[in-house]
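Colleague: Next come a sequence and a model predicted from it.
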Amino acid sequence: MGQPDDMFGDENYPAYTMGRAAEIIGATPDFLRKLDELKLINPLRSSGGHRRYSRYQLRLAARAREMVDQGTAVEAACRIIILEDQLEEALRQNQQRPAD
């Protein structure tokens, strides 16, 4: 495990409990469980089995909550966000590829 200073800057560090994560994004724990079930987010499990969320996962969950609040079905919102995330990653990798 990294030093505490390293963890504060790591957007993938699972720092938030389910209750705190739900509070931050303005949703219920059931909503977060549904996002896990739909494979949008995959929270780390503590040794006691409790879900722990990263800032990156909270951004995805907040985006899903916004879309659902606007009338998008949760399943569709998750699929859209997954595709957006995959496209962003592909574009990032393409930009890092050396020119021929």
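Modeller: Yep, it's here.
Colleague: When you work out contacts or count neighbours from here on, use the C-alpha atoms and nothing else.
Modeller: Will do.
Colleague: so who does Leu35 touch?
Modeller: 41, 61, 78 (CA atoms under 8 Å, 6 or more residues apart in numbering).
Colleague: ok but it is inside a helix, no?
Modeller: Yes - applying DSSP: H, G, I helix; E, B strand; the rest coil, one finds Leu35 inside a helix.
Colleague: Tell me how far it lies from Gln95.
Modeller: Going from Leu35 to Gln95 by CA to CA, to the nearest Å gives 30 Å.
Colleague: go on, Ala62?
Modeller: Counting by CA to CA, the gap from Ala62 to Gln95 is 27 Å.
Colleague: Between the two, which is the more surrounded one?
Modeller: Neighbour totals were compared for Ala62 and Gln95, and Ala62 leads with 19 against 10 (other CA atoms under 10 Å).
Colleague: thinking the more buried one is in contact with Thr28, fair?
Modeller: No - using CA atoms under 8 Å, Ala62 is not in contact with Thr28, being 11.5 Å away.
Colleague: show me where the chain has strands.
Modeller: With DSSP state E as the criterion, the chain has strands at 16-17, 44-45, 51-53.
Colleague: Reformat those strands as CSV; add mean pLDDT and mean neighbour count.
Modeller: What follows is the strands of the chain, written out as CSV (pLDDT from 0 to 100; neighbours: other CA atoms under 10 Å):
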stretch, mean pLDDT, mean neighbour count
strand 16-17, 93, 18
strand 44-45, 92, 14
strand 51-53, 95, 22
